[in-house]
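sequence first, then the predicted structure, then my questions.
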Amino acid sequence: MKAHPAKQLNNMGMSGALPSSLASLPPSLEDTYSKLSDSQPAFVENELTTRPFTHSSSSGVVGPMFSSSPGYSTDLHHSSLSPHDKQSKNTHFLSPTFGNIASLPLPYSSNNGPIPSTTPTHYSKGNSASWHADSLNSFLDLPTSTPIDSSQVESSACNIMASEDYSKQNNWQEWADQLISDDDTLTSNWNDILVDNIQDLEPKVPKSSSQFPAAHQQLPASSGENHVGATPSSSANSAPAKPRMRWTPELHEAFVDAVNQLGGSERATPKGVLKLMKVEGLTIYHVKSHLQKYRTARYRPESSEGSSEKKLGTIEEMPSLDLKTGIEITEALRMQMEVQKRLHEQLEIQRNLQLRIEEQGRYLQMMFEKQCKSGGIEPFKASSSAIDSTSGVSSDAMKDSPAKSEMEAIPVDLCSSGPHQANGNATAEKKSLEVSGKQDAPEDPKQLASESEDSGHPPKRPRTDE
Amino acid sequence: MKFGKRLKQQIQDSLPEWRDKFLSYKELKKLVKLISAAPTRRNESLEYGKAESDFVYLLDIEIDKFNGFFMEQEEEFVIRHENLKQKIKRVVDLWGPNGIHPSEENYKEEMEKIRKAIVDFHGEMVLLVNYSNINYTGLAKILKKYDKRTGGLLRLPFIQKVLVQPFFTTDIISNLVKECESIIDTVFPAEEAAERAKEAIVVAGEGIFRNTVKALLTMQEIRKGSSTESPFSLPPLNLPDSDLIQSIQLNAAVPIV
């Protein structure tokens, strides 16, 4: 099995669910990877045995399905590998190298190359793509010719179903029905979500994240959350890949209300709670797991608060503390609290800084892309003035010049229609991007921009106080 | 390798069940090396594109891992928070100023338990936020390395995507943390006897406290200033009581009687 994964990649071109992008890495990389692959056993075996899907032949209508975001449909890819030994060997490729990381195989969407129209032709058996459509159909009794988004729904539902041996088929029927009935909002969102490029996740996610605090639990939010937070089957959870619901305090409150209405955590049933909550996009699966967590959490406080307490030991257990009085313990706790508060404070500050840094970077990038379209040296002159205007945006901790040096480098990389010099020096500029303030490249564009900079600015950004 | 070491340290210092949920920084670094060592770089854009998509794929797996773990913890914390609030309410109603007065011992004991519970809970949540942050930092660094070594332009767009991931949007947890901080006041006695904590430095030992102290110190170390400072780098950490915190850590080995 370990023999020559690299070679097989070459021979097979693309087989099964593997995208063409992995089929031919440069030989040196392949060799390196194949060496690395010897170190760890195959995880794939486990996955393969649990997915007894069969193949069938039909049109390749679901070809594009494979190009959807990996987090969501990797399990499908798992399944498609099962009957194919060769394919499973391919998955050794990267996975063994990363114990934690790649507990999933390689199949994923290639963000770069074109996939949809060409994938069917790459599949050696030619049918693995189409297999999905049929087997899914048989499970869920849905038409073959449904658009891709629906088939995605089926596939994910089917995937989860299969892994639990169809015991939850009813639930998934429910779920699938629920989702499919909301046609308009659903399909548009599914379409959004299931587009090839992972990068497309960005516009969707803000929509859902922004709805967290608003406790606005409509389908778009939930499905967005579900997709974004899709847990790969490799996670420590017992269940395989499940669309994840983000439980906000508001949502939980609604949950608790429903549970109490039904007579407490012991008596309440997932179905009942689900019905009472009336939250779109919430599935019985979500409720079930949440209820389970809720129940165990209620038991624990009776004895001690939180699981980690026991594992980590409490202050009371330390022998030296037998002599401590209540007040001292309280003081110790207070101190612990202070430290924790401090840490949290710093984390928040750090996070805000990080956000602002990236925001600024993105803003600058956008701006230069715009400027570059107008072409010529103009962009750099204009950017200098923009530098001054954006300097106010910099956080307290950042000096202006780092931003400027960043700006000088960015347009060079990003302007497709930029000045010829810029293009020629792309690599050089890129390197200088990493070193703040270094003005070694005496190109005209740089000089133009550096005119507006403070003279004698030290290369390293000086320490700042917060 | 500084960050790599710090990350490793953090991982070791974190709660046991968290340890495999962190970024596989070392492996990703190796991968970046491999990719950059490949003869075909940007010249053959096809090869390069594939290597890049491999890399992105692995990063996405990492992100999924973070998201999954984070949201699960978050869910648990939401539940525990609610439970805690209810419990406190019960205790306060029952034994507080308005309710019946139980024996001093019982009340004291209960309150102590509750206080400890809140503080530890608060700590755990903060550690989760720290987890989120450390992983983000790791991702940012690995992307930076990638761009640097392969001449790619992956960092900027990719990091934008990361910024909106659930594991990085820690608002819910942060709110819970702040709520905890306000609850604390109702549960802790007034600060009459509150000689400043220096006199009550306890053995941090195992536990949440130790973890948070270490997290704070690690954070300080990580931000001390690197050889590759850029506009995208964070400034050094400004911790007013850093000596205090250092002393806490030092005392960890010595029980105070």
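Nice, thanks for sending it over.

quick one: stretch B:68-81 near chain A?
Yes: using Cβ under 8 Å from any Cβ of the partner chain, stretch B:68-81 comes into contact with chain A via B:68-69, B:71-72, B:74-76, B:78-81. Any C-beta I mention is one placed from the backbone N, CA and C, and that applies to glycine too.

and stretch A:344-357, which residues are buried?
Using 16 or more other Cβ atoms under 10 Å in any protein chain shown as the test for burial, stretch A:344-357 gives A:344, A:346-351, A:353-354, A:357.

stretch B:113-131 and chain A, any residue contact?
Yes: using Cβ under 8 Å from any Cβ, stretch B:113-131 comes into contact with chain A via B:113-117, B:119-124, B:126, B:129-130.

what mean pLDDT does that stretch get?
Averaging pLDDT along stretch B:113-131 gives 92.

where does the chain dip in pLDDT?
Using chain A. For chain A, applying pLDDT under 70 flags the ranges A:1-242, A:301-324, A:376-466.

wait, I meant chain B there
In chain B (pLDDT under 70), the answer is B:1, B:39-47, B:96-102, B:190-207, B:225-227, B:229, B:239-257.

at 90 what do you get?
B:1-3, B:6, B:10, B:12-16, B:33-54, B:87-115, B:148-154, B:156-157, B:183-257 (pLDDT under 90).

B:K224 and A:Q365, how far apart?
29 Å (Cβ to Cβ, to the nearest Å).

of these two, who's got more company?
A:Q365 (20 against 12; other Cβ atoms under 10 Å in any protein chain shown).

neighbours of A:G375, how many?
Neighbour tally, A:G375, other Cβ under 10 Å: 12.

do the same with A:T269
A:T269 has 14 nearby residues by other Cβ under 10 Å.

residue contacts, B:V119?
A:333, A:336-337, A:340, B:184, B:208 (Cβ atoms under 8 Å, 6 or more residues apart in numbering or on different chains).

can we see that at 6 Å?
A:333, A:336-337 (Cβ atoms under 6 Å, 6 or more residues apart in numbering or on different chains).

return only those of those found close to chain B.
A:333, A:336-337 (Cβ under 6 Å from any Cβ of the partner chain).

contacts for the host helix or strand of B:Q9 next, please.
Applying DSSP states H and E as the criterion places B:Q9 in helix B:2-13. Residues external to helix B:2-13 that are found in contact with it (Cβ under 6 Å, 6+ apart): B:19, B:22, B:25-26, B:134, B:141, B:211, B:214, B:218, B:221-222.

got CSV for the residues you listed, with secondary structure, neighbour count and distance to A:S265 too?
Listed next are those as CSV, based on DSSP: H, G, I helix; E, B strand; the rest coil; neighbours: other Cβ atoms under 10 Å in any protein chain shown; distance: Cβ to Cβ, whole Å:
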residue, secondary structure, neighbour count, distance to A:S265
B:R19, helix, 13, 31
B:F22, coil, 21, 33
B:Y25, helix, 25, 40
B:K26, helix, 14, 43
B:I134, helix, 24, 35
B:K141, helix, 23, 44
B:N211, helix, 25, 30
B:K214, helix, 23, 36
B:T218, helix, 18, 39
B:E221, helix, 15, 44
B:I222, helix, 24, 42
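
now tabulate those residues in CSV and tack on distance to B:V162.
Below are those laid out as CSV (distance: Cβ to Cβ, whole Å):
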residue, distance to B:V162
B:R19, 22
B:F22, 15
B:Y25, 15
B:K26, 19
B:I134, 13
B:K141, 12
B:N211, 24
B:K214, 25
B:T218, 21
B:E221, 23
B:I222, 18
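
near chain A, from the residues you listed?
Okay, of those, nothing touches chain A (Cβ under 6 Å from any Cβ).

nearest to B:Y57 among those residues?
Using Cβ to Cβ, B:Y25 comes nearest to B:Y57 of the contacts of helix B:2-13, at 16.8 Å.

wouldn't the closest one be in contact with B:Y136 here?
No: between B:Y25 and B:Y136 there is no contact, the gap being 12.0 Å when judged by Cβ atoms under 6 Å.

which strands and helices sit next to whichever strand or helix holds B:E62?
According to DSSP H and E, B:E62 maps onto helix B:45-95. Using 3 or more Cβ pairs under 6 Å, 6 or more residues apart in numbering or on different chains; DSSP states H and E as the contact test, the elements touching helix B:45-95 are helix A:284-303, helix B:104-150.
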